[in-house]
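> Sharing a sequence plus its predicted fold:
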Amino acid sequence: MRNPPPDSDLHALMTQFPRAGRVDWIGLRAARDMPIRAVERAVAVAGVGLEGDRYAGGSGKRGVTLIQAEHLPAIAALSGHAEVTPVTLRRNLVVSGIALIALKGRRFRIGEVVLEGAAPCDPCSKMEAALGPGGYNAMRGMGGLCARVIAGGALKIGDAVEWVDA
């Protein structure tokens with residue numbers, strides 16, 4: 001979707017966030033098929049991704065992957081689990097309090113880092129194995145957001161997630 005003109009009512013609605021979000025969890029995975037390691041802080045490198053993560057330097061749009069904390073209980077319910085942990089879903093950041101899809105195509109700040117929402121982070125076929133039969137479909141529409149690192153720096157658990165007016 002293209003952004004509406006800056007003087008439109010829709011643009012005004014799309015740029016209002018009732019509050020900042022918050023980073024609840026951070027995970028890094030050094031290589032494909034390796035387990036994710038939960039960390040308290042991470043360093044993002046502009047145009048690259050998170051230091052120590054397998055996607056650093058790989059796909060430009062997938063420098064950092066984010067998922068909403070509010071979606072974890074829904075994914076668990078739809079996949080028949082009492083709960084689903086961030087490690088299972090293999091995203092870098094779990095954030096709460098802000099609608100990630102609203103950040104697609106927009107810049108936002110976490111700690112010292114400026115990210116740009118690049119694309120939805122659709123589930124992969126590994127979710128079927130991780131969550132059981134139907135796990136892939138349980139995550140559809142709730143897989144989160146892929147983001148590019150625009151300005152690098154440090155980020156940590158508890159940092160605010162805030163839209164940046166470009």
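It's in. From a predicted model like this one, the values you see are computed outputs, not experimental measurements.
> Quick check: which ranges of the chain have low pLDDT?
Counting by pLDDT under 70, the chain contains low-confidence ranges at 1-5, 11, 14, 57-61, 166.
> separation between the residue nearest in space to the middle of it and residue 10?
In the chain, the residue lying closest to the centroid (C-alpha atoms, centre = their mean) is residue 66, at 1.0 Å. Separation of residue 66 from residue 10 (C-beta to C-beta, to the nearest Å): 24 Å. Quick note: C-beta positions are derived from backbone N, CA and C, even for glycine.
> For the longest helix along the chain, name the packing helices and strands.
Identified as the longest helix of the chain according to DSSP state H is helix 71-79. Packing partners of helix 71-79 (3 or more C-beta pairs under 8 Å, 6 or more residues apart in numbering; DSSP states H and E): helix 86-89, helix 135-139.
> Kindly confirm my reading that the residue nearest to the centre of the chain is in a strand.
Yes - the assignment for residue 66 is a strand, going by DSSP: H, G, I helix; E, B strand; the rest coil.
> follow-up on the earlier one: pull the CA atoms of the longest helix of the chain into CSV?
Extracted in CSV, the C-alpha atoms of helix 71-79 (Å, rounded to 0.1, in the frame of the first residue of the first chain):
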residue,chain,number,x,y,z
HIS,A,71,0.0,-12.5,19.0
LEU,A,72,1.8,-15.3,21.0
PRO,A,73,-1.4,-16.4,22.9
ALA,A,74,-3.4,-16.4,19.7
ILE,A,75,-0.8,-18.5,17.8
ALA,A,76,-0.7,-20.9,20.8
ALA,A,77,-4.5,-21.2,20.8
LEU,A,78,-4.7,-21.7,17.0
SER,A,79,-2.0,-24.4,17.1
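> quick one: contacts for residue 150?
46, 107, 114, 115, 116 (C-beta atoms under 8 Å, 6 or more residues apart in numbering).
> Mind putting those residues into CSV with secondary structure?
Formatted as CSV, the contacts of residue 150 follow (three-state DSSP):
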residue, secondary structure
46, coil
107, strand
114, strand
115, strand
116, strand
